[in-house]
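*Asks:* below: sequence and its predicted model.
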Amino acid sequence: MTDLWLSFELDDERANLITHTFKRSTKHSEQVSRIALAALLFKLVDHLGKKKDKSAPQLYRLLVFSICTEPFNYTVREFYWINFIELMGQ
């Protein structure tokens, strides 16, 4: 996903469209799909953050709001927290 994101010259409109699609996908009914997307988003945020890409904060915010929608799903919350800790430690 990182390679795909970086292979295109994304203007703000396209980046917002892709981010909106990610946002809808984080509400998918299948837990496995939500966790897989979150794993890819964490990798993408890490890579974009290192490159100082202006989309990184927007995707990071998406991850923060995604964890807030899972208040009683401890498996998903733990996955998010572990990835947030790793992301901040770099």
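*Replies:* Yep, that arrived.

*Asks:* so which bits of the longest helix anywhere in the chain are buried?
*Replies:* The residue-count maximum for a helix in the chain (DSSP state H) belongs to helix 31-50. Judged by neighbour count using 16 or more other CB atoms under 10 Å, the buried positions of helix 31-50 are Arg34, Leu37, Ala38, Leu41, Phe42, Leu44, Val45, Asp46, His47, Leu48, Gly49. For glycine as for every other residue, the C-beta is placed from the backbone atoms N, C-alpha and C.

*Asks:* which of the residues you listed has the weakest pLDDT?
*Replies:* Lowest pLDDT within the buried residues of helix 31-50 is found at Arg34 (83).

*Asks:* pretty sure that one contacts His28?
*Replies:* Yes - the pair Arg34 / His28 is scored as a contact, 5.5 Å apart, by CB atoms under 8 Å.

*Asks:* against Arg14, how distant is the residue in the chain sticking out farthest from the centre?
*Replies:* Distance from the C-alpha centroid of the chain peaks at Phe72, with 19.9 Å (CA atoms, centre = their mean). Here the distance between Phe72 and Arg14 works out to 35 Å (CB to CB, to the nearest Å).

*Asks:* roughly how far does the spatially most central residue of the chain sit from Trp5?
*Replies:* What sits nearest the mean C-alpha location of the chain, by CA atoms, centre = their mean, is Leu41, with 3.0 Å. Distance of Leu41 to Trp5, computed by CB to CB: 11 Å.
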